[in-house]
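In: Give the three-dimensional model of this entry:
(chains A and B)
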Amino acid sequence: MRLWNFNKKTYPDFWEAYLHHFEKKEKKTLDSSRFVALDCETTGFDFYIDRILSIGAVSILKNEIAVADSLEIYVKQTHFNPDSVPIHGILQHGKLAKCSEETAIKQFLKYIEDAVLVAHHARFDIIMINAALKRMGLPNLKNKVIDTMDLYANTRIKSNFIDQNAHYSLDEIAEAYAINLMDRHTAPGDALIAALIFLKTTALLKKSKFFKLERYFLKSTMF
Amino acid sequence: MLNFIGMKNTIAERIADFLKNFPPFDQLSKEDLYAIAQVVTITYLERDNLVYAVGETLHDKFYIIHKGAIALTKDINAKVETIDRFDEGDVFGLRPLFAKENYATNAVTEEESILYGIPLVTFKPLITRNKAVVDFLIESFASNTENPFSKEIHGSLYEHRLEVLANDKELFELQPVRYIKKVITAKANTKIKDIALLMQKHHIGSILIEADMIPVGIVTDVDLRNKVITGAYPIDTEVQHIMSAPVLCYPKGVSISQAQLTMMKHNISHLCITADGTPNSKIIGVISQNDINVMRGSNPTVLMKAIKRSQSTKQLKHIRKKIMVLLKGFVQQNIPLTQTSKIIFELNDATIKRIIERCIVKMGQQPPVKFAWMSMGSQGRKEQLLQTDQDNAIVFENVDAEELEDVRAYFLLLSKKVNKRLNEVGFDFCPADIMAKNPKWCLSLDEWKLQFNHWTSNTGDDEILLSSIFFDFDITYGDANLTSQLSDHIFDITKNNHMFLSKLAASALRSASPLGFFRRFLVEKDGEYKDFFDIKKRAITPIVDAGRLFALSNQIKNINNTAERFEKMAEIFPANEELYLSCSYASKALLKFRTKHGLLHNDNGRFIEIAALSKEEKMKLKRCFNTIAQIQESIKLKYNLSNFK
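Out: As a prediction, the model looks like this:
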């Protein structure tokens, strides 16, 4: 139903600017494309009620994480869920400088451009962001998305003793890879861990001549 | 930066926290450090990857190692020589700071590494006026012989002598001695008793006696023994009456072999390093026989001592590297494999024991009941030479049902710590999760017995595979009663269990003789190791499987080593002595082969490039394969598996 008026509707400039980046249509490759590893801390797990508290992201270009090209935004809250405070440590009226959800999304779009997005259990973060876009009357993100859990699962040996459908938490993978867990449960900290897992798993996976990056792009119907 | 509000950058803060612990970053202001941290790049490299190569254009940054280790190498007389090694917290790749010509060395990752790149654009303007930083960097750049030690280690060199482990360069003897800079000294009029107290306080065996930092004498614990305890001098005498003088001094460039020769010649255990190498200039350091021994480290006894005294995982990691150097030496000198494996096994075993010991202390609470740490697979069979994966499990005493989970929780937490540290030291995590931290393999004695009952009665392919891993267990730490009860149980339930034994026999024939048609080697057909020969799968596993089968079916207890199992078989069945002894020989030869190739390629030696083998090596391998074919033939006959393909 939305499809036919999709083209007629006019969108704000920042959305048009964001879309503009996708006109290039270059093939995404490990060595040439920009990747953005991200993590959202939210007030909870309900896509309708809960809200994004903070977004952390770092970019990866040519197998290198650039701290200079990172993003860290804290969002003012309209919805507050005291239960999640012990996890992420962000209070409703804490001292951190915060912006509105709309500003945060604008900054986020400006930052990600057409990068391939990378996150652990990516579906959650992307749906959260899409929900925010929807509240602003905008369509879903257009970026390709990779879930680090899929990457990791494919690095595991095929053994009957390992549950092939197992779900791996960020903690488990970080532990297996001896990655420090210092800033766990802060958006930028988790984004950095996801970025490191991305570098490590792709280094392993790309050795196989059958490796195809596209294989790991999540279907847009998932969001 | 897109952090437009508040400018909080958690990642940069964390990077700054890391950098501030290491020179030269420890000399920078908080603001400068933060400015640098904000522009750092992070790279992940697998082992044996180049950060840069000789002749490559200079990068626009230099590097500090966040995790891992880097070797600087160079081709010298057509041979790749390692010039220097760096690890966590060390900076390298400083050439772009000082020179314009392309890189003069290769920087290779010796382990998988995470590197922070420090961009020169940001770094240079910040340091030009900071003399301490510039001096440090120039010194590090100019001398590839000296590792910039981290600040933490600098401060405690004297107390933690083990940190003075030198890097194992090819020409060890000619390296300059690394001396201790923080020297404990006393004046000539100090009372002997106070000297002894000083030695006790600093855990040292000698003290330099100085006047205005010029060495006037040296007193060692030998002097105390020979001149004071004998009653020749009372303990309130001034030390100048018993000290040795003049002190033998050398300048700081003295080589290890020279220092050692001098000590031997004069029968002394310490040398003083002074500014100009004479007793007329200021003391800058001291070097002891003991330090040289530790640096040399090519001696199993010294390594064993070092393992037992080690106080951190990092030290153990250094020691493990030395063990690899030792192994390389053994293989090069063609020392019989039986001896080599025994020594390396003991050192590995001691390392694991030491880690468990330290982890129990870290738990802050003694184990609630008796337990044993079991090593499985190659370490259990004493066949682990190169570092491979860790396979281990825990068995603990039977407890009441209501206590069981609490007790297990303790051992799981302990195992998690031990598994993690073993991984840090160099035993990779087991990819199939066969580790004690896995609740499936952290069981009470009765639970283990049930587990083995299950494997041997409902036997499918998975059960066979698991039993073949778990049957070769060896106790590494803890109560041997538990493990021997478990072995007794296994022999009980497998005795006359023909069903199980013939399944085990069938599985020992899984990999057919490695020689294909026309006696060509069977190589891998695809994947990363295409055209390589998988020596583990095609040769070592079949012979290990056969050894295990014979041990179980003939109730040979307490022998896990494949070669020894076959020797025992030769003893029990003299009629087939020849075949069994050649199996014993083949298992050793194959292991040596794998070790050699692993050392050559700095990996686990599993995959061998057939094209790179000499004719003699190929012949040797083929002889081993003939033996494998024969033993497999005899298994087929014995277990009536002639239809088995």
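In: so residue B:272 sits in a helix?
Out: No. Assessed by DSSP: H, G, I helix; E, B strand; the rest coil, residue B:272 does not belong to a helix; its assignment is strand.
In: Just the buried residues of whatever helix or strand residue B:361 lives in, please?
Out: According to DSSP states H and E, residue B:361 maps onto helix B:337-363. Neighbour-count burial for helix B:337-363 flags B:337, B:340-341, B:343-345, B:347-356, B:358-360 (criterion: 16 or more other Cβ atoms under 10 Å in any protein chain shown). All C-beta atoms are positioned from the backbone trio N, CA, C, and that covers glycine.
In: quick one: average pLDDT of it?
Out: Helix B:337-363 shows a mean pLDDT of 90 in the predicted model.
In: anything in it near chain A?
Out: No. Contact of helix B:337-363 with chain A (Cβ under 8 Å from any Cβ of the partner chain) is absent, the minimum separation being 15.0 Å.
In: who touches the helix or strand following that helix?
Out: Next in sequence after helix B:337-363, counting helices and strands by DSSP H and E, comes strand B:371-375. Under the criterion Cβ atoms under 8 Å, 6 or more residues apart in numbering or on different chains, residues B:349, B:352, B:356, B:380, B:391-397, B:411, B:418, B:436, B:473-480, B:482-483 lie in contact with strand B:371-375.
In: strands paired with strand B:371-375, and their directions?
Out: Strand pairing for strand B:371-375, determined by DSSP bridges: strand B:392-396 (antiparallel), strand B:474-478 (antiparallel).
In: Alpha carbons of that strand, as PDB, please.
Out: Provided in PDB are the C-alpha atoms of strand B:371-375 (Å, rounded to 0.1, in the frame of the first residue of the first chain):
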ATOM      1  CA  PHE B 371      39.500 -33.000  42.200                       C
ATOM      2  CA  ALA B 372      41.800 -33.800  39.300                       C
ATOM      3  CA  TRP B 373      42.600 -31.800  36.200                       C
ATOM      4  CA  MET B 374      42.800 -34.100  33.200                       C
ATOM      5  CA  SER B 375      44.600 -33.400  30.000                       C
END
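In: Can you name the element that comes right after it?
Out: helix B:377-380.
In: What is that next one packed up against?
Out: Here helix B:377-380 touches helix B:337-363, strand B:474-478, going by 3 or more Cβ pairs under 8 Å, 6 or more residues apart in numbering or on different chains; DSSP states H and E.
In: so can I have CSV of those showing distance to residue B:444?
Out: Formatted as CSV, the helices and strands packed on helix B:377-380 follow (distance: least, Cβ to Cβ, whole Å):
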stretch, distance to residue B:444
helix B:337-363, 19
strand B:474-478, 13
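In: Can I get the strands paired with strand B:371-375 in TSV including mean neighbour count and distance to residue B:48?
Out: Below are the strands paired with strand B:371-375 laid out as TSV (neighbours: other Cβ atoms under 10 Å in any protein chain shown; distance: least, Cβ to Cβ, whole Å):
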stretch	mean neighbour count	distance to residue B:48
strand B:392-396	27	27
strand B:474-478	21	30
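In: Output the ones you listed as TSV; include the columns distance to residue A:79 and mean pLDDT.
Out: Listed next are the strands paired with strand B:371-375 as TSV, based on distance: least, Cβ to Cβ, whole Å; pLDDT from 0 to 100:
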stretch	distance to residue A:79	mean pLDDT
strand B:392-396	47	96
strand B:474-478	53	92
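In: can I get these in JSON lines with distance to residue B:29?
Out: As requested, the strands paired with strand B:371-375 are exported to JSON lines (distance: least, Cβ to Cβ, whole Å):
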{"stretch": "strand B:392-396", "distance to residue B:29": "48"}
{"stretch": "strand B:474-478", "distance to residue B:29": "48"}
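In: wait, which of those strands is closest to residue A:29?
Out: Residue A:29 lies closest to strand B:392-396 among the strands paired with strand B:371-375, at 40.7 Å (Cβ to Cβ).
In: Distance from the closest one to the middle of the chain?
Out: 23 Å (Cα atoms, centre = their mean, to the nearest Å).
In: what does the average pLDDT come to for stretch B:597-616?
Out: 81.
In: Can you pull out the residues in contact with that stretch?
Out: Counting by Cβ under 8 Å, 6+ apart, B:47-48, B:110, B:324, B:327-328, B:331, B:385-388, B:521, B:523-524, B:529, B:531-536, B:593-596, B:618, B:621 sit against stretch B:597-616.
In: Kindly report the same for stretch B:555-574.
Out: Here stretch B:555-574 has contacts from B:338, B:341, B:380-383, B:472-474, B:487-488, B:491, B:495, B:543-544, B:547-548, B:550-551, B:554, B:576-577, B:580-581, B:583-585, B:587-588, using Cβ under 8 Å, 6+ apart.
In: can you check stretch A:126-135 too?
Out: A:40, A:42, A:47-48, A:50-52, A:55, A:101, A:104-105, A:108, A:117, A:119, A:139-141, A:145, A:218, A:223.
In: Check which element follows the helix or strand of chain B with the lowest mean pLDDT along the chain.
Out: Ranked by mean pLDDT, DSSP states H and E, the weakest helix or strand in chain B is helix B:151-155, scoring a mean of 32. Using DSSP H and E, the helix or strand that follows helix B:151-155 in sequence is strand B:185-186.
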